[in-house]
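curious how this folds, go ahead:
(one chain, ligands or ions: 1)
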Amino acid sequence: MSVIKVQNLCKTFKVKTKEAGLKGSVKSIFTPSFREIHAVNNISFEVEEGEILAFIGLNGAGKSTTIKMMTGILHPTSGSIEVLGMDPANQRKRLSYKIGTVFGQKSQLWFHLPPLDSFNLLGSIYELDKEKLKSRIELLKEVFEIGDLMDIPVRKLSLGQRIRCEIAASILHEPEIIFLDEPTIGLDVVVKQKIRELILKLNKEENTTIFLTSHDAGDIEQLCKRAIIINHGEVVLNETIKRLKYDYLNKKVIHIKYNEAVEIGNHDLDILKNRGDAIKVQVDTSKQDIEEVLSSLIKCGKVEDIIISEPPLEEIISFIYKQNKGGDRDEGAQ
Ligand SMILES: Nc1ncnc2c1ncn2[C@@H]1O[C@H](COP(=O)(O)OP(=O)(O)OP(=O)(O)O)[C@@H](O)[C@H]1O
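Below you'll find the predicted structure:
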């Protein structure tokens, strides 16, 4: 069953333009001119109940504008949105009881208050029964391991601690859908992994539908089953992660350091860099078994260090854009 239905959605912003200098400023007062930014340009997609969907694109592609329309913050210019059978723009309050939002860069917790106070305030806003709120807070304290943080003012929490509290706060009222906009931004790898585990647990145990935007390939690979990629406010790809992995997320880079210079031999390897004692090899996992490549490299000499990395998501998205003749951008489409 689809819990989100978006059809031919458009959002156009009208922004005032001004010529440079004092003359331009005066002219813009008496004869203002405008230009249009088509932030979201005729997109359609659906999200199934219990799905974790990645909604990705480079800066300025239209992700936040779409989320804002789906949560009722912005009104569409044209097209339609249905979230849990409701029209977000006209039923924003009713919808807010059923959805949760986390904007990684903005806090919904009161900065100078401890999380417990914010949780109690949010409980009142969502009109939760006192006993139910208490037991929900107890459960979230345990699952999110935030029991020790509940009395510390939010401004004194680390970013990772704050994000754990943010996500807990966003699901206090047991929403059916949560919108996570960059939930792991700025976090170190260990905390990132913890947040990913919590998101998966939430999806599994409460069957919460998750609409996720992220610039982190790891988030997408580990959490999502499907990704929608947008560019210039248009959907350029709507594909399963399995397919995406096969087509685009299949490149891994092995950095290997030996204690002395080695001879790699006649292997069928895509060597990006060879310093003798340090070698960088790219593996296309859809064609080569990474385990086999690793074991052949390990046999070449005494290994001091191995790192396996993947290309940044931006690189992958740019590649997809080029394939779809979209081109890159960091500003609004005209
Ligand atoms: N209130 C606004 N007024 C005018 N233009 C806007 C407004 N909000 C967004 N835009 C423009 O719409 C386009 C899409 O912006 P949006 O914030 O949706 O992108 P995004 O994909 O979320 O980018 P990012 O990853 O940087 O957050 C951009 O060109 C942006 O400048």
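
what sits against W110?
117-118, 121, 154 (Cβ atoms under 8 Å, 6 or more residues apart in numbering). C-beta here means a position set from N, CA and C on the backbone, and glycine is covered the same way.

tell me the pLDDT of L200.
With respect to pLDDT, L200 scores 93.

what parts of this protein come near the ligand?
Selection of the chain residues close to the ligand by Cβ under 6 Å from any ligand atom yields 13, 15, 37, 39, 57, 59-65, 331-332.

out of the residues you listed, name the ones that lie in strands.
13, 15, 37, 39 (DSSP state E).

mind naming the longest helix for the chain?
The longest helix of the chain (DSSP state H) is helix 189-206.

list of residues touching the following helix or strand past that helix?
Counting by DSSP states H and E, the element after helix 189-206 in chain order, helix or strand, is strand 209-213. Strand 209-213 is contacted from outside by 3-4, 47-56, 63-64, 67, 70, 176-183, 199, 202-203, 219-220, 223-224, using Cβ under 8 Å, 6+ apart.

okay, now the unreliable bits of this structure?
By pLDDT under 70, the low-scoring segments of the chain are 266, 325-334.

the strands in it, which residues?
2-17, 33-48, 52-56, 78-83, 99-103, 177-181, 209-213, 226-231, 234-240, 251-258, 270-274, 278-284, 303-309.

winner for burial among those?
strand 52-56 (a mean of 25; mean count of other Cβ atoms under 10 Å).

with just CA atoms, put it into PDB.
Provided in PDB are the C-alpha atoms of strand 52-56 (Å, rounded to 0.1, in the frame of the first residue of the first chain):
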ATOM      1  CA  ILE A  52      13.100   3.000   3.500                       C
ATOM      2  CA  LEU A  53      13.500   5.200   0.500                       C
ATOM      3  CA  ALA A  54      16.600   7.300  -0.400                       C
ATOM      4  CA  PHE A  55      15.800  10.600  -2.000                       C
ATOM      5  CA  ILE A  56      19.100  11.900  -3.300                       C
END
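
which of the residues of the chain next to the ligand are buried?
37, 39, 57, 60-65, 332 (16 or more other Cβ atoms under 10 Å).

could you tell me the end-to-end distance of stretch 143-160?
15 Å (Cα to Cα, to the nearest Å).

which residues touch A227?
Counted by Cβ under 8 Å, 6+ apart, A227 has contacts 53-56, 220, 237-239, 241, 244.

again with L198
L198 neighbours (Cβ under 8 Å, 6+ apart): 143-144, 164, 167.

one more: P114?
150-154.

how about the contacts of L198 in a markdown table, adding neighbour count and distance to D87?
Converted to a markdown table, the contacts of L198 look like this (neighbours: other Cβ atoms under 10 Å; distance: Cβ to Cβ, whole Å):
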| residue | neighbour count | distance to D87 |
| --- | --- | --- |
| V143 | 15 | 33 |
| F144 | 24 | 32 |
| R164 | 23 | 33 |
| I167 | 21 | 27 |
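
circling back to that earlier point, so which of the contacts of P114 wins on neighbours?
V154 (20 neighbours; other Cβ atoms under 10 Å).

my guess is that one contacts I163, does it?
No - between V154 and I163 there is no contact, the gap being 11.2 Å when judged by Cβ atoms under 8 Å.

distance of N207 relative to the ligand?
Remark: distance between N207 and the ligand (Cβ to the nearest ligand atom, to the nearest Å) = 27 Å.

what's around that residue, how many residues?
10.

got it, and D268?
Neighbours of D268 under the rule other Cβ under 10 Å: 8.

related to what we said a few turns ago, and the residues of the chain next to the ligand, which two are furthest apart?
Between any two of the residues of the chain next to the ligand, the greatest separation by Cβ to Cβ is 20.4 Å, found for V15 and G57.

ok, S118 touching I152?
No - checked against Cβ under 8 Å, the pair S118 and I152 is beyond contact range at 11.8 Å.
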